[in-house]
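Student: Sequence plus predicted model, see below.
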Amino acid sequence: MWSGIILALGWQFAGDPFDIHPVFVGFPLSLIMLLTLTFMPSTAEKVQVEEKVE
């Protein structure tokens, strides 16, 4: 979520380039980051999977 907020603030301070509201720039980035981090396996899960394979 922080990535979207930072991007939206940067977009706002840049003067809303192309007349696009900052929410339409920050929200998609936040959503992409949320989904990426949610479905990315953690290090502990990788170790458990490797132990089961051996």
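Tutor: That came in fine, so what should we check first?
Student: Could you pull out the buried residues of the longest helix belonging to the chain?
Tutor: Counting residues, the longest helix found in the chain (DSSP state H) is helix 23-39. Residues of helix 23-39 classed as buried under the neighbour-count rule (16 or more other CB atoms under 10 Å) are 25, 26, 29, 30. Just so you know, the C-beta spots here come from the backbone N, C-alpha and C atoms, and that holds for glycine as well.
Student: Check the offset of it from the chain's centre.
Tutor: 4 Å (CA atoms, centre = their mean, to the nearest Å).
Student: other SSEs contacting that helix?
Tutor: helix 2-13 (3 or more CB pairs under 8 Å, 6 or more residues apart in numbering; DSSP states H and E).
Student: Name the residues of the helix it packs on that are buried.
Tutor: 4, 7, 8, 11.
Student: Give me the angle between that helix and helix 23-39.
Tutor: Following axes from the mean of the first three to the mean of the last three CA atoms, to 10 degrees, one obtains 170 degrees for the angle between helix 2-13 and helix 23-39.
Student: Please list the residues outside helix 2-13 that contact it.
Tutor: 17, 20, 22, 23, 25, 26, 27, 28, 29, 30, 31, 33 (CB atoms under 8 Å, 6 or more residues apart in numbering).
Student: do that again at 10 Å, thanks
Tutor: 17-18, 20-34 (CB atoms under 10 Å, 6 or more residues apart in numbering).
Student: hey, which helix or strand in this protein has the poorest pLDDT?
Tutor: Of all helical and strand segments in the chain, the minimum by mean pLDDT, DSSP states H and E falls on helix 43-53, at a mean of 66.
Student: Once you drop chain neighbours, what's closest to the most centrally placed residue in the chain?
Tutor: By CA atoms, centre = their mean, the chain has its centre lying nearest to residue 33, at 1.6 Å. Distance criterion CB to CB, 6 or more residues apart in numbering; nearest residue to residue 33, sequence neighbours excluded, is residue 3 at 5.0 Å.
Student: right, and the residue nearest to the centre of the chain touches residue 39 too?
Tutor: No. If you go by CB atoms under 10 Å, residue 33 and residue 39 don't touch, sitting 11.5 Å apart.
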